[in-house]
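Asker: Here is a sequence with its predicted model. Questions after.
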Amino acid sequence: MKTAQVIMDTGAHAAALAVKSARVDVVPGYPITPQTSIMEAVAAMVENGELHARFIPVEGEHSAMAAAVAASAAGARVFTATSANGLLYMHEVLHMASGGRLPVVMCNVNRGIFAPWTLWADHQDSFAQRDTGWIQYHCSSNQEVYNTILQAFRVAEQINIPVMVNFDGFAISHCLMPLTLPAQEDIDRFLPPYEPGWRLDPAHPSSFSNVTNAAEYAPFREMLSGDILASISLVKQAAQEYKEITGMWDGDTIDTYLLEDAEVVAFAVNSMAAELRLSIDILREQGIKAGLLRPRLYLPFPTEDIINAIPQNAQIMVLDRNYNFGHPGGILASELKSVLFGRRNDLTVKNRVVGIGGIDLTRRFMAEEILSMMEE
Amino acid sequence: MKSVTKAYQPISWPTKGAGGDTGSWRTHRPVVDSHICNKCQLCWVYCPEAVIERHEITIDYRYCKGCGVCAVECPTGAISMEKEE
């Protein structure tokens, strides 16, 4: 391991620095708060020659993802970023990236969805893309954003599936935290240049995503579904090898805190899960055996790791920063219940929707939420 | 980064007749009168299916869908559309 550099910077800049470390070739971009800081930083890096990439300013997010798909099909390493309604506007083309098996990496800076307008964080935007065939990470610190983007490129390019790296608007994107930047030669060892098995090439003309009949279409979908499940082992491998090269670890598919002897398990993603560690400390001081399980990977859902990690007879308190419309509560709770059913009948799952549209989630508030859920 | 799996990507390579015997779709057949044709090649330029041979101005009826663009574009009136049996 070479000497790393430690700086203070925002989550958005951590993402831009990861794009530079990954030696990305093409970055199509369209601004939307709170993601804009990433694109501004990447555009500046391209402009001043720090990053040898093509920056494509486009007229909207649908075009941004279309340009990303095209550049990736041409064999480039591609990055873009968006938030909230920008992500929703991309929805159609997200399917084109996954169905086309193109390893695009995108940051989504989580923000609540219109209407009415809000600028602040919740998780409705990324969870609403559950069925697009993208792998989804959710990060809880600036350092994890940087580390995860590099791991995301590695996983995406190994299995030809696009990866979305999510983190909260403002709490992560605009707040300064210490950030360790590994030496470039260590990153290059972890993430060698992208070598596509196929690319759009005028010298060898081919057609991409032509019309298929049913007998051809179904196997494409079946293979995508199977490969998304199979990507779990690559996610673990990437986290492990990143740790060996850089010494840094954010968890692989899940991240836990004081979970081994926990009787009460908090279950949440993103920045609120970092704050929840402090809530766990408050509860422990009161003599409650509390612990935390944070799924770092939301899709594919880390079923086996969750089932193996949760202690016997625990009460799981799922704190959802989103709504599962048509069901009581949030999306994470539904996902969790669906994998526990029939396999861990010893567990109890309780659920609250909190922090919608950026309502502040302090350690004391969440500790009190968990205490009140225990009374239910 | 090299793929560890052989991804199943939706790619096709252009080959003659990849779409089947599309000539069977035809209701009207373009017929070239070689006495009138001055071999200007405009029909070759306009044919959307590339089934007209450039120099002899002969039509590959296995793939010609009978759209009639050649007959409309022909400046000498050498191409007539005749109803298929």
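Answerer: Perfect, I can see it now.
Asker: Skipping adjacent residues, who's closest to A:A290 in space?
Answerer: A:L283 (3.8 Å; CB to CB, 6 or more residues apart in numbering or on different chains). C-beta coordinates here come from the backbone N, C-alpha and C atoms, glycine included.
Asker: what's the burial count for the one you found?
Answerer: Look at A:L283: counted by other CB atoms under 10 Å in any protein chain shown, it has 25 neighbours.
Asker: do A:E195 as well
Answerer: A:E195: 11 surrounding residues under other CB under 10 Å.
Asker: Pairing partners for it in the sheet, please.
Answerer: Using DSSP bridges, the bridge partners assigned to A:E195 are B:K2.
Asker: Can you give me the pLDDT of it?
Answerer: pLDDT for A:E195: 94.
Asker: Also B:V4?
Answerer: If you check B:V4, the pLDDT there is 52.
Asker: What's the mean pLDDT across stretch A:8-24?
Answerer: Along stretch A:8-24, the predicted confidence averages to a pLDDT of 98.
Asker: give the contact list for the residue nearest to A:A290.
Answerer: A:264, A:290, A:367, A:370-371 (CB atoms under 8 Å, 6 or more residues apart in numbering or on different chains).
Asker: Report the two of those residues separated the most.
Answerer: Farthest-apart pair in the contacts of A:L283 is A:V264 and A:A367; separation 10.7 Å (CB to CB).
Asker: Break down chain B into its strands, ranges please.
Answerer: For chain B, the strands defined by DSSP state E occupy B:11-12, B:28-32, B:79-83.
Asker: Tell me if the first one is near chain A.
Answerer: If I follow you right, that is strand B:11-12. Yes. Against chain A, strand B:11-12 shows contacts by CB under 8 Å from any CB of the partner chain at B:11-12.
Asker: got a list of contacts for that strand?
Answerer: Here strand B:11-12 has contacts from A:198, A:206-208, A:210, B:18, using CB under 8 Å, 6+ apart.
Asker: Show me the strands paired with it, marking each as parallel or antiparallel.
Answerer: Here strand B:11-12 has these sheet partners by DSSP bridges: strand A:207-208 (antiparallel).
Asker: And the helix or strand that comes right after the strand it pairs with, what's buried?
Answerer: Sequence-wise, the next helix or strand downstream of strand A:207-208 (DSSP states H and E) is helix A:214-246. Neighbour counts using 16 or more other CB atoms under 10 Å in any protein chain shown place A:220, A:223-224, A:227-228, A:231-232, A:234-239, A:242, A:245-246 of helix A:214-246 among the buried residues.
Asker: Then stretch A:58-73?
Answerer: A:58, A:61-73.
Asker: Stretch A:187-202 now?
Answerer: Neighbour counts over stretch A:187-202 (16+ other CB under 10 Å) mark A:187, A:190-191, A:194, A:196, A:198-200 as buried.
Asker: Distance to chain B and secondary structure for these - can I get that in TSV?
Answerer: Below are the buried residues of stretch A:187-202 laid out as TSV (distance: CB to the nearest CB, whole Å; DSSP: H, G, I helix; E, B strand; the rest coil):
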residue	distance to chain B	secondary structure
A:I187	12	helix
A:F190	10	helix
A:L191	6	coil
A:Y194	5	coil
A:P196	8	coil
A:W198	6	coil
A:R199	10	coil
A:L200	9	coil
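Asker: Considering the residues you listed, which is situated nearest to B:P10?
Answerer: Lowest distance from B:P10 to the buried residues of stretch A:187-202 (CB to CB) belongs to A:W198, with 10.4 Å.
Asker: so who does the closest one touch?
Answerer: Neighbouring residues of A:W198 by CB under 8 Å, 6+ apart: A:206, B:9, B:11.
Asker: let's see it at 7 Å
Answerer: A:W198 makes contact with B:9, B:11, according to CB atoms under 7 Å, 6 or more residues apart in numbering or on different chains.
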